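*Asks:* Got a predicted structure here, sequence first:
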Amino acid sequence: MTNRCEVESFVSWCDENFLILNVGKTKELIGDFRKKKEDISPMVIMDQQIERVESYKYLGVRLDNKLKWKNNTNILLKKAQSPRLFFLRKLRSFNVCNKVLLFFLFYQGILVSVLFYAVLCWDSTITLEDRNRINELIKKAGSVIGMSPDSLEVILQKRTKAKLYTVLKHKDYPLYNVFNTVFSGRLVIP
């Protein structure tokens, strides 16, 4: 299989560049969407069998073998609701509400940073139920801070535009040529 060759190539590259691969921490996640699934033999690196997992946390984002985001959304909501929303409510109880800027900065720094981490990766494929749960939490936080924060859709649109602008602005960006060819210079960024 192709991925086995890639792994062998990577292991060789590590050896050539004096890097030690920690095989004990290595996991295998297989996303197989075929109707007729094949039995795939376990991956072996340096005579050690690699553990196969159903889901894996990579750079703070929970991935699973079905490319569903339910588990990731549950974790995000739990992180945002329990301590962070509680802290917002505590700030309100201390009458910090008259300092709206401070309140909003706390909301942005503590809640939004967790809730929308890697939103460009997972937003387009989450379920409507998960999208509604996130928007519900945003509304709750908005009622606590006394403002109407942007919904998930608005945040996604802003971050997508910002990322696209970054890609098109820097010619050395890896995706620059991809977008430049696709849009042929006709893309207008507001």
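*Replies:* Arrived safely.
*Asks:* only C-alpha atoms for contact and neighbour calcs from this point on.
*Replies:* Noted.
*Asks:* Report the contact partners of the residue positioned nearest the centre of the chain.
*Replies:* Residue closest to the mean C-alpha point of the chain, counted by C-alpha atoms, centre = their mean, is residue 118 at 3.0 Å. Contact analysis of residue 118 by C-alpha atoms under 8 Å, 6 or more residues apart in numbering lists residue 61.
*Asks:* Quick check: the gap between it and residue 72.
*Replies:* Distance of residue 118 to residue 72, computed by C-alpha to C-alpha, to the nearest Å: 11 Å.
*Asks:* overlap in contacts of these two?
*Replies:* residue 61.
*Asks:* what about the strands in this structure?
*Replies:* Along the chain, the segments classed as strands by DSSP state E run 27-29, 44-45, 48-49, 51-53, 55-58, 61-64.
*Asks:* Give me the distance between the residue nearest to the centre of the chain and residue 159.
*Replies:* 10 Å.
*Asks:* Comparing the strands of the chain, which comes out most buried?
*Replies:* Among the strands of the chain, strand 61-64 has the highest mean neighbour count (mean count of other C-alpha atoms under 10 Å), at a mean of 19.
*Asks:* Now render the strands of the chain as JSON lines, adding distance to residue 140 and mean pLDDT.
*Replies:* Formatted as JSON lines, these follow (distance: least, C-alpha to C-alpha, whole Å; pLDDT from 0 to 100):
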{"stretch": "strand 27-29", "distance to residue 140": "36", "mean pLDDT": "89"}
{"stretch": "strand 44-45", "distance to residue 140": "48", "mean pLDDT": "88"}
{"stretch": "strand 48-49", "distance to residue 140": "47", "mean pLDDT": "90"}
{"stretch": "strand 51-53", "distance to residue 140": "35", "mean pLDDT": "91"}
{"stretch": "strand 55-58", "distance to residue 140": "28", "mean pLDDT": "90"}
{"stretch": "strand 61-64", "distance to residue 140": "24", "mean pLDDT": "90"}
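*Asks:* can you tell which of these is closest to residue 9?
*Replies:* strand 44-45 (11.1 Å; C-alpha to C-alpha).
*Asks:* who's in contact with that closest one?
*Replies:* Against strand 44-45 from outside (C-alpha under 8 Å, 6+ apart): 8, 11, 23, 50.
*Asks:* now those residues in JSON lines, with neighbour count, pLDDT and distance to residue 123?
*Replies:* JSON lines is the format used below for the contacts of strand 44-45 (neighbours: other C-alpha atoms under 10 Å; pLDDT from 0 to 100; distance: C-alpha to C-alpha, whole Å):
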{"residue": "8", "neighbour count": "15", "pLDDT": "90", "distance to residue 123": "34"}
{"residue": "11", "neighbour count": "17", "pLDDT": "91", "distance to residue 123": "34"}
{"residue": "23", "neighbour count": "15", "pLDDT": "89", "distance to residue 123": "32"}
{"residue": "50", "neighbour count": "17", "pLDDT": "89", "distance to residue 123": "30"}
